[in-house]
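Colleague: kindly generate the corresponding structure for this input.
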Amino acid sequence: MRGAGTMSQSQYLTYPQMHLIHSFRSASQDLAIWSLLLINCIARIESCTEPVYNRLHETAGDIYSSFSIFYGPKTAERLINLLTRHIVSLKNLTEAMLAGDQEKANELYFQWHQNAGDTASFLAELNPYWVEEQWYALFERYLGMMYQQLLSVASGDFAKGVDIFDRTRYHTILMSDYLTDGIMQSLTIDPFQPAKATTK
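Modeller: Here you go, the predicted structure:
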C-alpha cells in the first residue's frame, strides 16, 4: 500500500522534461546576462560591444534550436526575428539614452514595448496554454527591469544595478517555466514527440 506522502510515478519529471526546463532556463538567463553586459560595454568599454552583441544574438540561436523541435523551423524563425528586434532595440535604446538623444530614445522605447506585444500575440496563437495577457505582463516586467538596469548603469548606481539584476534573473526563470509548461501541457499524447510544424 502506498503511503499518503508518496508520489505516483506520473508526478515525477522525466529526463527529457528536465532537459527541456534546463534548456529554456539557461537560454533565458543567458539573455539577461549578456544584455546587462552589452549595456555596460556601450557605456564604458566600447571595444567589448561588438563581441558581446554578437554573443547575445547567439543566445537567440540557442532558443531557436530548442523551440524549433516543437514548432518547426519556420515558426521558430518568426520567434527569433522578434527576439532579434528586441536585442537591436536594446542596443539602439542604450546608445540613444547615453548620447542624450531623448527624442530618439522615446521612439525606440515605444518600439521595444510594441515588439513585446507582438511577441505575446505570436506565442498565444501557437499554444492554447499560453495566454497573451500573461505573456505581455511577463515581457513588460522584464523590459521594465532592463530599463532600470540601463538607468543604473548610466547613473553609476551599481549597488542598485546588482539588486535589479538578481530580480531580473529570477524573473527569467518565471518566463522560461511558463514557456516550458505550455509546451508540456500542449503535447498531451506524447509530451516529447515534436509538435506538427506550423507555417503561419
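
Colleague: Val162 versus Thr180, what's the distance?
Modeller: Relative to Val162, Thr180 is positioned 28 Å away (C-beta to C-beta, to the nearest Å). C-betas here are computed from N, CA, C, even on glycine.

Colleague: neighbour count: those two, which is higher?
Modeller: The residue with more neighbours, out of Thr180 and Val162, is Thr180; 18 against 10, by other C-beta atoms under 10 Å.

Colleague: name the helix or strand for the more buried one, please.
Modeller: helix 158-186 (DSSP states H and E).

Colleague: residues of that helix that come out buried?
Modeller: 161, 164-165, 168-169, 171-172, 175-176, 178-180, 182-184 (16 or more other C-beta atoms under 10 Å).

Colleague: how far off centre is that helix?
Modeller: 8 Å (C-alpha atoms, centre = their mean, to the nearest Å).

Colleague: and for stretch 100-113?
Modeller: Per C-alpha atoms, centre = their mean, the centroid offset for stretch 100-113 relative to its chain is 21 Å.

Colleague: for the helix or strand hosting Leu90, packing partners?
Modeller: Counting by DSSP H and E, the element that carries Leu90 is helix 49-98. Counting contacts by 3 or more C-beta pairs under 8 Å, 6 or more residues apart in numbering; DSSP states H and E, helix 49-98 is packed against helix 15-44, helix 102-126, helix 132-155.

Colleague: ok so, going back, of all the buried residues of helix 158-186, which comes closest to Met145?
Modeller: Thr168 (4.4 Å; C-beta to C-beta).

Colleague: find the nearest non-adjacent residue to Asn92, please.
Modeller: Take Asn92 and drop its neighbours on the chain: the residue closest to it by C-beta to C-beta, 6 or more residues apart in numbering is Leu108, 5.2 Å away.

Colleague: residue contacts, the one you found?
Modeller: Applying C-beta atoms under 8 Å, 6 or more residues apart in numbering, we find Leu108 in contact with 89, 92-93, 96.

Colleague: separation between it and Asp157?
Modeller: 22 Å.

Colleague: same check, this time on Val88
Modeller: Distance, Val88 to Asp157, by C-beta to C-beta: 26 Å.

Colleague: more crowded one of those two?
Modeller: Taking neighbours as other C-beta under 10 Å, Val88 and Asp157 compare with Val88 leading, 17 against 14.

Colleague: tell me where the model's unsure across the protein.
Modeller: 1-13, 15, 188-200 (pLDDT under 70).

Colleague: quick test: name the residue nearest the centre of it.
Modeller: Ser28 (4.8 Å; C-alpha atoms, centre = their mean).

Colleague: do I have it right that that one meets Ile173?
Modeller: Yes. The pair Ser28 and Ile173 qualifies as a contact (C-beta atoms under 8 Å) at a distance of 7.3 Å.
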